[in-house]
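Trainee: fold the following, please.
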Amino acid sequence: MADSDSYLKLATSLLHRLGPSWDRRIILVRTPTTPTHEQIEAAFAGTDMDAQDIQVLTLSQLSATAVPEDLLFASATGPVVAEIYARVLRSEPRNARRTALVSALPGVAFPATAKGWNFRRAGDGFICHSHAEARDFADLAESSPGHHPTILVGKLPFLCSQGFPAICQDPIKQVVFAPQAKVPVGREERAQILLALESVARLNPGTEVVIKLRARAGEPQTHLEKYPFDSLMEQMKAAGRFTKSTHLTFATGALRDYLLPGSALVTVSSTAALEAVDRGLPTLVLTDFGVNNSMINTVFVGSGLQGNLQDLQDLNFTPPHRTWLRENYFHRGNRDLEDSLRLLAHRARQGALTTDPQLLAEIKNFPFRQRVRTSLPAPLLRLARKLRRYLADA
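Mentor: Numbering: from 1, shown residues only. Below is the predicted model of the structure:
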C-alpha cells in the first residue's frame, strides 16, 4: 500500500525485486499526497509490475477484509502507516492475526528519528536499508518501551550493484540536479543553487544541465516544498536575476532515464545520490547549507561525495570511499530479507501473530490531528498548511 510518489516507487521496486514467485498487488491509498498519472508511470517504469493493475482505495475503505493478503507492506508516510495499521489491527482477532504488517522509509533514514519510528512501531517488521541504519534504529527501539517491530536489513530496492559499484569513466556531458523537497529551506539558498547550475552550463559549453523534478510546482509529492525550483526560476527571471533564455532544463519522469554514462549527479540530500553511485556516476552532495540532522545529510559524512557549489562549478567530483559504501547501502545483497518476509507471511497464514493489548489501546486513541492529515481533501490541506506557515511567520 502506497500513498505518494516516493513511497509508490519504493513499493514497486521492492515487489519487483521479490519477483513473480510472490502473489503481488499494489493498492494506492487516496490521500492529499496521491501521485499524478505521470508520477505513477514513473514509479512503475523498469519493473515487471503494470501500472494499469493498480487499485485505489480510501482509508475509510480499508480493513483486514479489504486486504486479505498474508503480508501488507505499508509503504506510506508516517500518519498513513499508523492509520493503516490501526484499521487492520482493530479489525482482526487479537490472538490470531492473519495479516503481517511491515513498513520502511523510502530512502536515507539515518539518523533514526523517534517521529518516523513511532508511526511505524505497531508493525511486525521494519525494513532498514543499511547496517548503519539498522544499528541506529535498534538503539532507538531499545529506548522505546513496549512493542516494537523486528528490524530487518535489506537493500534499497532500486540499487542494483552487488557490493562496490564499478566507476564509470565517461567524460561528463550532462549534470543532473536532484532537488530535495525539504532542504534547503530558504528561498535564497535555493536561488544560489540555481545560479551555480546556470554558471556550470555557461562555463562548460556542450554540457547539458538538467533539474530533475520529482513534481512540478503545485503537483503533489511526499513532502511539502515551500519554494519549488521551477516556480522560483520564473520569479528570478521576473526579478532580472536570470535572462529569459536560461541554459537550464527542467524535467520530470523516471530518474533512471537521466542517470546514463556521461552524466553526473548533484543534490543537497536525496536518494538520487545513491542511485547515481549505484551506476558508478560522478556524484556530489552539497554542504554549503550545513551538515547536520536537519539537512538530512549526516549520512554522507565520510563518504567522499561531499563538496560545495564551487566544486560543482569546477565539475570537481571525487569517488566514494569503500568503507563508507560497505556500511551505507552498498553491502552485498542476500536472501535474508525475502526469507524474513516469507516467515512473517507463513506465521500470518497460520494465525500465529498476536497484537500487544497495550499497543491496541494506544491505537484506539490515534490522534485526531493525524486523522485529519490523512483524510482532508488536498485543497483544504493546502489552505491549512498556508495558514500554519502564516501564523508561524507572524
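Trainee: could you pull out the helices for the protein?
Mentor: Applying DSSP state H to the chain gives helices spanning 5-18, 37-44, 78-91, 114-120, 131-142, 187-203, 229-238, 272-278, 309-313, 322-327, 336-349, 357-364, 368-375, 378-393.
Trainee: could you check how far the spatially closest residue to residue 62 that is not a sequence neighbour is from residue 104?
Mentor: Using C-beta to C-beta, 6 or more residues apart in numbering and skipping the chain neighbours, the partner closest in space to residue 62 is residue 87 (5.0 Å). (Each C-beta comes from the backbone N, C-alpha and C, glycine too.) According to C-beta to C-beta, to the nearest Å, residue 87 stands 19 Å off from residue 104.
Trainee: where does pLDDT dip in the stretch 151-300 of the chain?
Mentor: By pLDDT under 70, the weakly predicted segments of the stretch 151-300 of the chain are 220, 222-223.
Trainee: any idea how far the residue nearest to the spatial centre of the chain is from residue 172?
Mentor: Centroid check for the chain by C-alpha atoms, centre = their mean gives residue 106 as the closest residue, at 3.2 Å. Computed as C-beta to C-beta, the residue 106 to residue 172 distance reads 28 Å.
Trainee: go on, residue 134?
Mentor: 35 Å.
Trainee: so the two - more neighbours on which side?
Mentor: Taking neighbours as other C-beta atoms under 10 Å, residue 134 and residue 172 compare with residue 134 leading, 20 against 16.
Trainee: contact partners of stretch 319-338?
Mentor: 18, 110, 127, 129-132, 152-156, 159, 161-165, 167, 274, 277-278, 283, 299, 302-305 (C-beta atoms under 8 Å, 6 or more residues apart in numbering).
Trainee: now the end-to-end length of that stretch.
Mentor: 31 Å (C-alpha to C-alpha, to the nearest Å).
Trainee: report the rounded mean pLDDT for it.
Mentor: Across stretch 319-338, pLDDT averages out at 93.
Trainee: hmm, back to that, am I right that the residue nearest to the centre of the chain is in contact with residue 6?
Mentor: Yes - contact criterion C-beta atoms under 8 Å: residue 106 and residue 6 qualify, at 4.3 Å.
Trainee: for the residue located most distally from the centre of the chain, give its distance to residue 201.
Mentor: Computed with C-alpha atoms, centre = their mean, the residue of the chain farthest from its C-alpha average is residue 240, at 34.9 Å. Residue 240 sits 18 Å away from residue 201, going by C-beta to C-beta.
Trainee: and residue 19, by the same measure?
Mentor: 42 Å.
Trainee: mind listing what's buried in stretch 111-120?
Mentor: 112-113, 116-117, 119-120 (16 or more other C-beta atoms under 10 Å).
Trainee: repeat that for stretch 205-219.
Mentor: Buried, per 16+ other C-beta under 10 Å, within stretch 205-219: 207-215, 219.
Trainee: and the closest residue in space to residue 136 that isn't next to it in sequence, what does it touch?
Mentor: Spatial nearest neighbour of residue 136, chain neighbours left out: residue 112 (4.0 Å); criterion: C-beta to C-beta, 6+ apart. Going by C-beta under 8 Å, 6+ apart, residue 112 touches 133, 136-137, 139-140.
Trainee: of the residues you listed, just say which sits nearest to residue 230.
Mentor: residue 133 (31.9 Å; C-beta to C-beta).
Trainee: show me what residue 101 is bridged to.
Mentor: Here residue 101 sits in beta bridges with residue 72, going by DSSP bridges.
Trainee: any idea how far it is from residue 172?
Mentor: 45 Å.
Trainee: ok, now how distant is residue 329 from residue 229?
Mentor: 26 Å.
Trainee: cool, residue 312 as well?
Mentor: Counting by C-beta to C-beta, the gap from residue 312 to residue 229 is 15 Å.
Trainee: hmm, back to that, let's see if you can find the most crowded of the contacts of residue 112.
Mentor: residue 137 (25 neighbours).
Trainee: do I have it right that it meets residue 128?
Mentor: Yes - counting by C-beta under 8 Å, residue 137 does reach residue 128; the two are 5.8 Å apart.
Trainee: what is in contact with the two at once?
Mentor: 109, 151.
Trainee: how about residue 23: what's its closest non-neighbour residue?
Mentor: Closest to residue 23 by C-beta to C-beta, 6+ apart is residue 69, at 7.9 Å.
Trainee: pLDDT score for that neighbour?
Mentor: pLDDT at residue 69 comes out at 89.
Trainee: can you pull the contacts of it?
Mentor: Contacts of residue 69 by C-beta under 8 Å, 6+ apart are 23, 25, 99.
Trainee: now the second one: how far from residue 334?
Mentor: It stands for residue 25. In terms of C-beta to C-beta, residue 25 sits 26 Å off from residue 334.
Trainee: next one: the last one
Mentor: As judged by C-beta to C-beta, residue 99 and residue 334 stand 26 Å apart.
Trainee: okay, the two: which has more neighbours?
Mentor: Shown here are residue 99 and residue 334; by other C-beta under 10 Å, residue 99 has more neighbours (22 against 12).
Trainee: these two touch, right, that one and residue 91?
Mentor: No - Residue 99 lies out of contact with residue 91 (C-beta under 8 Å); the separation is 9.2 Å.
Trainee: how many residues are close by residue 362?
Mentor: Residue 362: 16 neighbours (other C-beta under 10 Å).
Trainee: for residue 292, give me its contacts.
Mentor: Applying C-beta under 8 Å, 6+ apart, the residues near residue 292 are residue 298.
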